[in-house]
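Colleague: Kindly generate the corresponding structure for this input.
(one chain, ligands or ions: 1)
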Amino acid sequence: MTNFRVRRALADTPAYRPGRPPAAVEGVTSYKLSSNENHLEPLAAVVEAVEGASGAPALYPDPAATELTAALADFHGVPVDHVVTSAGSSESLAALVGITLDAEKQVVYPWPSFEMYPQLSSFSGARQVAVPLTADGRHDLPAMAQAITGDTGLVLLCSPNNPTGAVLGQAEFDSFMSQVPEDLIVVLDEAYIEFADGSEAVSALRTADGHPDAPVDMAQALDTYSNLAVLRTFSKAHGLAGLRVGYTIAHPAIIHEMRKSIAPFSVGAAGQAAGLVSLALRDEVAVRAKSVGATRDDLAARLRGLGFDVPPSGGNFVWLSLGEHEAHAFAEACLARGLAVRDLGRGIRVTVGPQEAMDRLVEVASAFAQERSA
Ligand SMILES: Cc1ncc(COP(=O)(O)O)c(C=O)c1O
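Modeller: As a prediction, this is how the structure comes out:
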């Protein structure tokens, strides 16, 4: 028996494709540059917190993640009822899809972007309107605004956008939001925002002075846009992907509905403890994110120097825009040298890794470019 009574929407729903692991290649260290993980050593205090919290595995963790939620609310300058934690930001995203979409609804998102957007949307049964990015990898916000109808149940924005790295600016964001009905929830997925503090990268939620290092004034943003739900995660800059800690900041009415979807105890005790310590060490986290950003910019410049089309990125990755055939060939060439990168059909996404991996990637790219022009 294989024909079980599952929902019809599942027939068209792809399963998530995780980043490929690197193959072992004799004589070289292999590197996984396909999942946008943080390659830096964990902070010692975070490791200690994880060890300290792992002593009572028989007990459920605090279901409300009380301390972490309070610390996050304090950090963002919002009351605690504006924050909900989740098993990575993926669970927050799934909850937002769950509270808004069904077969009667339509969802608008940019494409290419995070692969979970089509997956979760398809799972919900909603009609998907994937709005193509502009030629330079940015959200086409005017086209997204035009795609909104009375049936639209959810809008997804991703800044920095995975996989192109483009960051939304305040003015374009404000102009977009002014065209969105006030009762339509807009998700702003900021999984990589901590890497985006370069001169070009201004978060949609930075303070009005626009200084890239200024703290995010979330309270002000939510005051202006009560239909905005901001996703954040400890998986990327904080380097805690394995512990599954993410959260949403939004109006309490949205948070209240999300709590009906998010599983109880979804963030484990170790994740709660590590998140709390890492948040307290955010200055150190910011320094590390900056160094990842510097490596990213250096890699992008070297690849551009070889003739590749690499847009400015605010994430811990770079995007090489290639045709489908070339993307596949490039990914295979990387794999043969012990580097797993993400082949997304029309391009390659490379996660920032140790310098040795970046140098080897440039070698592969250089040989590829030579062959291209031969
Ligand atoms: C844009 C974006 N949002 C959200 C996530 C989810 O990350 P997590 O569930 O680990 O917080 C990812 C992970 O790669 C991502 O790229």
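
Colleague: C-alpha only now, for contacts and for neighbours.
Modeller: Will do.

Colleague: So Cys334, which state does it fall into?
Modeller: Three-state call for Cys334 (DSSP: H, G, I helix; E, B strand; the rest coil): helix.

Colleague: got it, and His256?
Modeller: Under three-state DSSP, His256 falls in the helix class.

Colleague: Next, count neighbours for it.
Modeller: His256 has 15 neighbours, counted by other Cα atoms under 10 Å.

Colleague: again, but for the one 10 residues further on
Modeller: One way to gauge burial is a neighbour count; for Ser266, by other Cα under 10 Å, it gives 21.

Colleague: swap in Gln179?
Modeller: If we define neighbours as other Cα under 10 Å, then Gln179 has 12 of them.

Colleague: Also Gly169?
Modeller: Look at Gly169: counted by other Cα under 10 Å, it has 17 neighbours.

Colleague: And it, how close does it get to His139?
Modeller: Look at Gly169 and His139: by Cα to Cα, to the nearest Å, they are 11 Å apart.

Colleague: same deal with Trp111?
Modeller: 8 Å.

Colleague: With Ser30 instead?
Modeller: 34 Å.

Colleague: Those two: who's more crowded?
Modeller: His139 (27 against 19).

Colleague: neighbours around the residue lying closest to the more buried one once chain neighbours are set aside, how many?
Modeller: Distances taken as Cα to Cα, 6 or more residues apart in numbering place Leu133 nearest to His139, at 5.0 Å, with adjacent residues excluded. Number of residues near Leu133 (other Cα under 10 Å) recorded here: 21.

Colleague: I'd say Leu133 and Ala143 touch.
Modeller: No. Under the criterion of Cα atoms under 8 Å, Leu133 is not in contact with Ala143, lying 9.5 Å apart.

Colleague: and Thr248, what element?
Modeller: Element membership for Thr248, per DSSP states H and E: strand 246-249.

Colleague: Can you list the strands that that strand pairs with?
Modeller: Strand 246-249 has its sheet partners listed here by DSSP bridges as strand 83-86 (antiparallel), strand 228-233 (antiparallel).

Colleague: can you tell which of those strands is closest to Asp102?
Modeller: Of all the strands paired with strand 246-249, it is strand 228-233 that lies closest to Asp102, at 18.9 Å by Cα to Cα.

Colleague: So the closest one, near the ligand or not?
Modeller: Yes. Interface with the ligand: strand 228-233 contributes Thr233 (Cα under 6 Å from any ligand atom).

Colleague: C-alpha coordinates for that strand, CSV please?
Modeller: Extracted C-alpha coordinates of strand 228-233, given in CSV (Å, rounded to 0.1, in the frame of the first residue of the first chain):
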residue,chain,number,x,y,z
LEU,A,228,5.5,43.2,9.7
ALA,A,229,7.0,40.0,11.1
VAL,A,230,10.8,39.9,11.3
LEU,A,231,12.6,36.6,11.3
ARG,A,232,15.9,36.3,13.0
THR,A,233,18.1,33.3,13.8
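
Colleague: So that it lines up with my notes, have the first residue be 648 from now on.
Modeller: Sure, I'll start numbering at 648, so the last one becomes strand 875-880.

Colleague: How far does that strand sit from its chain's centre?
Modeller: From the chain centre to the centre of strand 875-880 is a distance of 10 Å (Cα atoms, centre = their mean, to the nearest Å).

Colleague: Report the separation between Thr713 and the ligand.
Modeller: 19 Å (Cα to the nearest ligand atom, to the nearest Å).

Colleague: For that residue, report the pLDDT, please.
Modeller: You'll see Thr713 listed with a pLDDT of 97.

Colleague: how near is it to Leu869?
Modeller: Following Cα to Cα, the distance that separates Thr713 from Leu869 is 22 Å.

Colleague: next one: Ile840
Modeller: 17 Å.

Colleague: ditto for Ala718
Modeller: Ala718 is 18 Å from Leu869, by Cα to Cα.

Colleague: Glu738 now?
Modeller: From Glu738 over to Leu869 the distance is 21 Å, taken as Cα to Cα.

Colleague: Give me the more crowded residue out of the two.
Modeller: Glu738 (22 against 19).

Colleague: Leaving out the residues flanking it, which one is nearest to the more buried one?
Modeller: Excluding its sequence neighbours, the residue lying closest to Glu738 (Cα to Cα, 6+ apart) is Ile909, at 6.8 Å.

Colleague: so what's that neighbour up against?
Modeller: 733, 738-739, 742 (Cα atoms under 8 Å, 6 or more residues apart in numbering).

Colleague: which residues sit against the helix or strand hosting Ala792?
Modeller: For Ala792, the enclosing helix or strand under DSSP H and E is helix 788-794. Under the criterion Cα under 8 Å, 6+ apart, residues 755-757, 776, 778, 819, 823, 826-827 lie in contact with helix 788-794.

Colleague: Contact residues of this structure facing the ligand?
Modeller: So the chain meets the ligand at 735-737, 761, 805, 809, 836, 838, 880, 882, 888, 893 (Cα under 6 Å from any ligand atom).

Colleague: Narrow the residues you listed to those in strands?
Modeller: Among the residues of the chain next to the ligand, the members falling in strands (DSSP state E) are 805, 836, 880, 893.

Colleague: quick check, nearest of those residues to Pro668?
Modeller: Nearest member of these to Pro668, counting by Cα to Cα, is Thr880, at 22.5 Å.

Colleague: so the closest one makes contact with Gly893?
Modeller: Yes. Contact criterion Cα under 8 Å: Thr880 and Gly893 qualify, at 4.0 Å.

Colleague: shared neighbours of these two, which are they?
Modeller: In contact with both Thr880 and Gly893: 735-736, using Cα under 8 Å, 6+ apart.

Colleague: Just to be sure, Val754 is in a strand?
Modeller: Yes. Per three-state DSSP, Val754 lies within a strand segment.
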